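**Student:** Need coordinates for the below:
(chains A and B)
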Number of protein chains: 2
Amino acid sequence: MMYSRVALLLALCFSFLATAQQKDYTQYVNPFIGTSNFGATHPGAIAPRGMASVSPFNVAGSQNALEKDSRWLSNPYVNENTFLTGFSHLNMSGVGCPDLGVILSMPTTGELKTEHLQYGTTYKNEEAKPGYYSVELDKYDVKTELTASTRVGVSRYSFPAGKANLLLNLGLGLTNEHGAMLKFNSPTEIEGYRMVGAFCYNNAESAYPVYFVARISEAPENFGIWDKPASYEGVEAQWMGYNGKTRLKEQFMREVVGDSIGAYVQYDFEKPTQVVMKIGVSYVSIANARENLDKEVGDATFDEVYQQTKNAWNDKLSVVEVEGDDADDKTIFYTGLYHTQIAPSILNDSNGEYPAMKTRATKKTDGTRYTVFSLWDTYRNYHQLMSLLYPQEQLDMVNSMLEIYDQNDWLPKWELNATETFTMVGDPAAVVLADTYQRGITGFDVEKAYAAMLKSADARENNPLRPGIAEYIDKGYVSVDSDVAGPVSTTQEYNIADFSIAQLAEALGKKEDAKRFTKRALSYKKLFNKTSGFLQPKMSDDTWYEPFDPLAGANFTENPGFIEGNAWQYLFMQPHDIKGMIKLMGGAKNFEAKLDALFAEDQFDMANEPDIAYPFLYNYLPGKSYKTREKVADLIDTYFTNNPAGLPGNEDTGTMSAWLIYAMMGFYPMTPGEATYTLSAPQFNKVTIHLNSDFYANDTLVIQNVSENPTKVSAGFSIGGKSIKKQAITHKEWVNAGEVIFE
Amino acid sequence: MMYSRVALLLALCFSFLATAQQKDYTQYVNPFIGTSNFGATHPGAIAPRGMASVSPFNVAGSQNALEKDSRWLSNPYVNENTFLTGFSHLNMSGVGCPDLGVILSMPTTGELKTEHLQYGTTYKNEEAKPGYYSVELDKYDVKTELTASTRVGVSRYSFPAGKANLLLNLGLGLTNEHGAMLKFNSPTEIEGYRMVGAFCYNNAESAYPVYFVARISEAPENFGIWDKPASYEGVEAQWMGYNGKTRLKEQFMREVVGDSIGAYVQYDFEKPTQVVMKIGVSYVSIANARENLDKEVGDATFDEVYQQTKNAWNDKLSVVEVEGDDADDKTIFYTGLYHTQIAPSILNDSNGEYPAMKTRATKKTDGTRYTVFSLWDTYRNYHQLMSLLYPQEQLDMVNSMLEIYDQNDWLPKWELNATETFTMVGDPAAVVLADTYQRGITGFDVEKAYAAMLKSADARENNPLRPGIAEYIDKGYVSVDSDVAGPVSTTQEYNIADFSIAQLAEALGKKEDAKRFTKRALSYKKLFNKTSGFLQPKMSDDTWYEPFDPLAGANFTENPGFIEGNAWQYLFMQPHDIKGMIKLMGGAKNFEAKLDALFAEDQFDMANEPDIAYPFLYNYLPGKSYKTREKVADLIDTYFTNNPAGLPGNEDTGTMSAWLIYAMMGFYPMTPGEATYTLSAPQFNKVTIHLNSDFYANDTLVIQNVSENPTKVSAGFSIGGKSIKKQAITHKEWVNAGEVIFE
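**Tutor:** Prediction:
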């Protein structure tokens, strides 16, 4: 304990020295952005990429506008809700499916109540900043403050005098999984675990435990475990006076398991008293949760932990400095950057251990094993941004993906806490691997990566990553009658992945493969119906699926061709063959008209990934790049605001924010798998990117917008005083540019 | 491992030396006796007073005559049942309420099935002897053999060639509690625990885990955990294709908790193969279960474990040698002795640790902490028999009762695995403590024992042991309107307990208390209605409760005055005031007539405890002792046979067998709390009791019956050649007698 205390103080000292002169960027972050309008972020306390986070939990109870058990709801907190039932210590932020949202603490006063609908309360005076959240609970007059280190959630409860309770509910949760264990080691230390999983209602057989050790600062007068068992339904129920009733197991010192259990400690305070609860978590074991707690927090105070985490946030946020007059713009920008540092999150414990895929046997990493790979979202722009701003993290992510491949025999599709959730379509890992390598981040086993990519690209049978692959290889598309979800979308995604494989093959000197996959990447054309002007679902006999409605599939309704979108939204999703599709659609003029129509007819969906790059397509039409700059500026203004509803929709683990950050900095990675950018216009007068010198020759990239109205810059810009005409630039040119001036 | 192996072999060697010349008494034990007719014993493998036992489990499934979920059933095995679903590793034997019957192993062949109704099977060729049971499973052609050490169950499965599975089901169980944890440490080691408790459908809040570590001799080809979760019932169930379905978690290496979970290992044998599974158990922790497994069994073979346990049984059974011509008599006798060595069983682990009452915090004993104290049954004769035959065990039991008092603030009533189940009525611990001390077994803190006895006798408020105590103290009886169950029975039991307190008070020189409790012990008279000739329930205003039916309450039907019996069965239950009640009932002649009527009118119930001593009451009527001898011989012949139905009913943790052993040896401890015996007639030509020289001066007591027809001896007997006329004798005289001859 002493050791960790000293270590922490030293860390704080160094951190102080390092940041003494540093600006406080956390002041520009508003964690409430994205907590409404299905942004699905939470405003709770979290350290950068933290395994633990502590979020207010206000989605249980029909008093609320949005309630977890009455609809598909993927977040522990909704800003417009009013009924709070605790503070969950493991949360995802900005995802589209419910999971985690477990290990809920809750302070109450007076008599002990263990049913959340009874002890829940309204609240006021919420405050949130990176690593900190506080709220006042109306019913109990208890101020609750939350902070967190990477693997430890810390909460501070300011109780009034009198009887008080602190609950730890392992029954309630956002996840649909149940089952937990609780054990008191002493009146002030509780250990246990909670089963979670079945993210997106998939792969329930992989449900897994998350472990914790909780320590409470004040010795209670009494403690115990409650257990509400399922009702027994046999003949014998008549003899069971206790059937289905909640049991209080006072001062019980052994394991209790159950679907609806919780721990409580009870106080009778003579005067107002603060109680601090520290909960270390782990996906490996209770022992590791305890080690995480001891190493990261030990006996540090709440304020010390918060300061440490605040410093960590400043380290992250200061990678980009933006200058401009609009305070909200800064808030929107840094909140976006903040949101890119939530997921992927850290899976390994402080000792490097983490659970293997499938078996969950203990593995060890020397670096960082990341998790929460929502790759269908993030392959499009997020990892490109990480390569630029946080290349070491991106490298660790790629290595994590290869560890997943080692353990699971397949690259990840949508990996969560060492489970493959098989969510969404396509083969996005291939794109991320190729893209990262192309950007010069090569410190991984690229031959292994390439073999892994080939495996999913070529395995005709039992291929969990690429269902329909045999038909795709044979015919160039996946048919409606293949029973593969969204066969047009899937074909397009496979094209994009194949393009990436071709790029990496080229880079690795594998000419044959490069040729083969370059060809495969263009097969989307077989689904283009020149009559309708759309990519359309096709039957396996090469006839068009009827009827065809280009609007079908909007708003997440099912449709025979597309996943989470309609024919409009998927029409231009060939970022790797922009010239080809312009030609396919009848040339630049026709293409522009169709693109205009997409926006005019309100078919563009800023809230979902397939079409988010489309505003940048005007750059590829001669003389039309002003439309990109206008459209991008307009979309930022419309969808990204300093409000809880200030995201267009689901944050999608940093993808929406990555779009925003790029858009505000004035460039965008148009073609995943290719290390290039297309340019728009910086929304700030000046953007300074501090590059990581382990990966890049320059230590800064300065982007200046010297036009009077930053959103109305011309197409012109210069690098190092040299005027550049083209609208595209390579990653290498960019990071070596030093200074870029938009005029 | 090596250490324990050596230790075991040494133990086997010494045991061999000690028993080389010894007769095999286990041949006279038939573990099937009591497995029908609600005897509630099981035929499984168990070491003397073993914590672990392995029993065939055939009470799940409507194919059976008696099925656990369709009625009150208190045993894992019923002889007339036909459908077996596994082998349970923790069992009670001979109790009247369901609990335990958990941690079920099951061998199957072919495809893996995890539902017990699907994988259950009929069976044949059962064999049982002390420490060993075997059976052949029809459906799978797998012979299963069971043995056990004190805390380890060992099973051996002889599989045919081909696909095979070994299951460990933690969902199924005799207990009505649910909830378990399972974790594979390797393909051949599984750890976990199972929640049990709520014995007799009482005190569910004390439900507790029992821990285990299982090791399997052969490395499997595959392994996993199945988990059948409860069905989700919310709106979201529509998205859960897996809702309520069993999940197979293949090669999963983390904890899984749930109400219906199990582990499986899978084989594909080239030739017939034996697999041995060893399961160590503990009520303290998984670590202790592992230590128990390592210390007691380690890498010993199945046969070595069985031999060790067989030797242990011979050590126990050889304490009494009986000689006679009737083979069945010997079997009945030694099976009775065997049954007295099942419960109380050992609660502490091999390292001495055991869970405290209530909190289950870890405690440690230097001796043995016994559990399963069914004191309402056993105070009547069982502990008296233990004092005579196994005084060290009786002393440890008394010390265990005092540890329970230390931890729970009250002496036990019906203690089970460190929970107080609050079953039955009265204050039986007081009787056991006083009786043991009176028999010269004094190596316990008698002042503490006395204080504990006084506490329950005198605490007028919040007295969980003696409900209705205030009214009892004030009026001498508990009234019907007090809402105390069985107020007449309760009054009688309190009288018996008070008599015992008086005896101990006298022995300790506490004259005032002796006087006070002697007086209290006779208050039953207030409930005697001279008009009806019965003890009758009374209202608190001293009027008789109406209507009164002396037959009400037979066959466990409820009645306002009595517990598990009617006015007939409770009439003579004043073993401490035989003279007084003879007088109360109008003298010896009237008393005899009433006693005759009890038997003639078929009101005597050999299957339950209140009246089992009544046959010996004729000894107290001048010239009528022949009726005791006749009646006792008749009852033995009628109710105790070498058959599964060969117990009169519930074995009641040794009480029925203690009755039988005393009756067959020719004497009986008529008055609990008083160190005396009344005599009848030995059923054998010769009985040799080997007395424990740590407690008794003589090392043997030889009882000879020299009459031609042993069941028809006269009243005469002699000690050391000296003819004795009286029908009662003190314990001290008896153990010092050396040789007793019945003529």
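
**Student:** quick one, domains of chain A?
**Tutor:** A:2-316, A:343-432, A:467-571 (automatic domain parsing).

**Student:** residue contacts, residue A:62?
**Tutor:** residue A:70 (CB atoms under 8 Å, 6 or more residues apart in numbering or on different chains). Any C-beta I mention is one placed from the backbone N, CA and C, and that applies to glycine too.

**Student:** Can you point out the helix or strand that includes it?
**Tutor:** Counting by DSSP states H and E, there is no helix or strand that carries residue A:62.

**Student:** Show me where chain A dips below the pLDDT cut-off.
**Tutor:** Applying pLDDT under 70 to chain A flags the ranges A:1-21, A:554-557, A:708-716.

**Student:** what's near enough to touch the most centrally placed residue in it?
**Tutor:** With distances taken as CA atoms, centre = their mean, residue A:653 lies nearest the centre of chain A, 2.0 Å away. The neighbourhood of residue A:653, defined by CB under 8 Å, 6+ apart, consists of A:92-95, A:342-344, A:372, A:374, A:377-378, A:382.

**Student:** just residue A:616 next, same as before
**Tutor:** Applying CB under 8 Å, 6+ apart, one finds that residue A:616 lies in contact with A:628, A:632, A:668, A:670, A:678, A:680.

**Student:** and what of residue A:516?
**Tutor:** With contacts defined as CB under 8 Å, 6+ apart, residue A:516 is in contact with residue A:502.

**Student:** ok, now how distant is it from residue B:448?
**Tutor:** To residue B:448, residue A:516 is 88 Å away according to CB to CB, to the nearest Å.

**Student:** and if you look at residue A:601?
**Tutor:** Residue A:601 sits 90 Å away from residue B:448, going by CB to CB.

**Student:** now residue A:245
**Tutor:** According to CB to CB, residue A:245 and residue B:448 sit 36 Å apart.

**Student:** Buried deepest among the domains of chain A, which one?
**Tutor:** Ranked by average neighbour count under the criterion mean count of other CB atoms under 10 Å in any protein chain shown, these are headed by domain A:343-432 at a mean of 23.

**Student:** if I pick the closest residue to residue A:384 other than its chain neighbours, what's in contact with it?
**Tutor:** With CB to CB, 6 or more residues apart in numbering or on different chains as the criterion, residue A:384 has its nearest non-adjacent residue at 3.8 Å, and that residue is residue A:669. By CB under 8 Å, 6+ apart, the contact list for residue A:669 reads A:381, A:384-385, A:435, A:662, A:676-677, A:731.

**Student:** about what we covered before: can you put the domains of chain A in CSV and add distance to residue B:508?
**Tutor:** Converted to CSV, the domains of chain A look like this (distance: least, CB to CB, whole Å):
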stretch, distance to residue B:508
domain A:2-316, 34
domain A:343-432, 61
domain A:467-571, 83
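
**Student:** between the ones you listed, which gets nearest to residue B:157?
**Tutor:** Among those, domain A:343-432 comes nearest to residue B:157, with 25.6 Å by CB to CB.

**Student:** Just the endpoints, please. Distance across the closest one?
**Tutor:** The first residue of domain A:343-432 is 15 Å away from its last residue (CA to CA, to the nearest Å).

**Student:** ok, now stretch A:71-78?
**Tutor:** The first and final residues of stretch A:71-78 sit 13 Å from each other (CA to CA).

**Student:** Other residues contacting that stretch?
**Tutor:** A:35-36, A:40-44, A:55-59, A:64-67, A:88, A:91-98, A:100-101, A:174, A:650, B:235-236, B:239.

**Student:** Now residue A:720: closest residue in space, sequence neighbours ignored.
**Tutor:** residue A:738 (5.7 Å).

**Student:** hang on, the earlier thing: tell me which of the contacts of residue A:653 fall in helices.
**Tutor:** Those of those mapping onto helices are A:377-378, A:382, per DSSP state H.

**Student:** gap between the residue of chain A most remote from its centre and residue A:547?
**Tutor:** For chain A, the largest distance from the centre (CA atoms, centre = their mean) belongs to residue A:239, which lies 50.3 Å off. For residue A:239, the distance to residue A:547 (CB to CB) stands at 62 Å.

**Student:** coming back round to it: helix or strand for the residue nearest to the centre of chain A, just tell me which one.
**Tutor:** Take DSSP H and E as the rule and residue A:653 turns out to sit in neither a helix nor a strand.

**Student:** Quick one: residues contacting the residue of the stretch 1-150 of chain A found nearest chain B.
**Tutor:** With CB to the nearest CB as the measure, residue A:69 is the residue of the stretch 1-150 of chain A nearest to chain B, at 4.5 Å. Residues counted as contacts of residue A:69 (CB under 8 Å, 6+ apart) are A:60, B:234-236.

**Student:** got it, and residue A:277?
**Tutor:** Neighbour list for residue A:277: A:105, A:154-157, A:166, A:214-217 [criterion: CB under 8 Å, 6+ apart].

**Student:** Run the chain-centre distance for whichever helix or strand it is part of.
**Tutor:** For residue A:277, the element it lies in under DSSP H and E is strand A:273-282. With CA atoms, centre = their mean, to the nearest Å as the basis, strand A:273-282 stands 25 Å off its chain's centre.

**Student:** ditto for stretch A:403-412
**Tutor:** Relative to its parent chain, stretch A:403-412 has a centroid offset of 20 Å by CA atoms, centre = their mean.

**Student:** likewise stretch A:28-35?
**Tutor:** Centroid displacement of stretch A:28-35 relative to its chain, using CA atoms, centre = their mean, is 15 Å.

**Student:** Start and end of it, how far apart?
**Tutor:** Using CA to CA, the span of stretch A:28-35 from its first residue to its last is 17 Å.

**Student:** Contacts made by it with the rest, please.
**Tutor:** Counting contacts by CB under 8 Å, 6+ apart, the residues touching stretch A:28-35 from outside are A:39-44, A:75, A:77-79, A:94, A:126, A:128-130, A:133, A:313, A:317, A:330-335, A:338-339, A:641-644, A:646-647, A:651.

**Student:** is it true that residue A:222 touches residue A:252?
**Tutor:** No: applying CB atoms under 8 Å as the test, residue A:222 and residue A:252 come out as separate, 11.6 Å apart.

**Student:** residues from the stretch 1-150 of chain A in reach of chain B?
**Tutor:** By the criterion of CB under 8 Å from any CB of the partner chain, the positions of the stretch 1-150 of chain A lying close to chain B are A:69-72, A:98.

**Student:** ok, now with 7 Å
**Tutor:** Within reach of chain B by CB under 7 Å from any CB of the partner chain, the stretch 1-150 of chain A has these residues: A:69-71.

**Student:** now do chain A
**Tutor:** Those residues of chain A that sit near chain B, judged by CB under 7 Å from any CB, are A:69-71, A:176, A:178-181, A:193, A:195, A:201, A:204-205, A:208-209, A:229-230, A:232, A:234-236, A:239-240, A:242, A:247-249, A:251-255, A:257-259, A:355, A:358-361.

**Student:** Return the subset of those lying in strands.
**Tutor:** Per DSSP state E, strands hold the following members of the residues of chain A next to chain B: A:180-181, A:193, A:195, A:208-209, A:247-249, A:257-258, A:355.

**Student:** farthest-separated two in these?
**Tutor:** The largest distance within those, taken as CB to CB, falls between A:248 and A:355 and amounts to 33.7 Å.

**Student:** all strands of the stretch 551-700 of chain A, in order?
**Tutor:** With DSSP state E, counting those that start in this stretch applied, the stretch 551-700 of chain A shows strands at A:667-668, A:676-679, A:686-690, A:700-705, listed in chain order.

**Student:** Could you grab the helix/strand/coil label for residue A:401?
**Tutor:** helix (DSSP: H, G, I helix; E, B strand; the rest coil).

**Student:** quick one: it and residue A:421, what's the gap?
**Tutor:** Distance, residue A:401 to residue A:421, by CB to CB: 15 Å.
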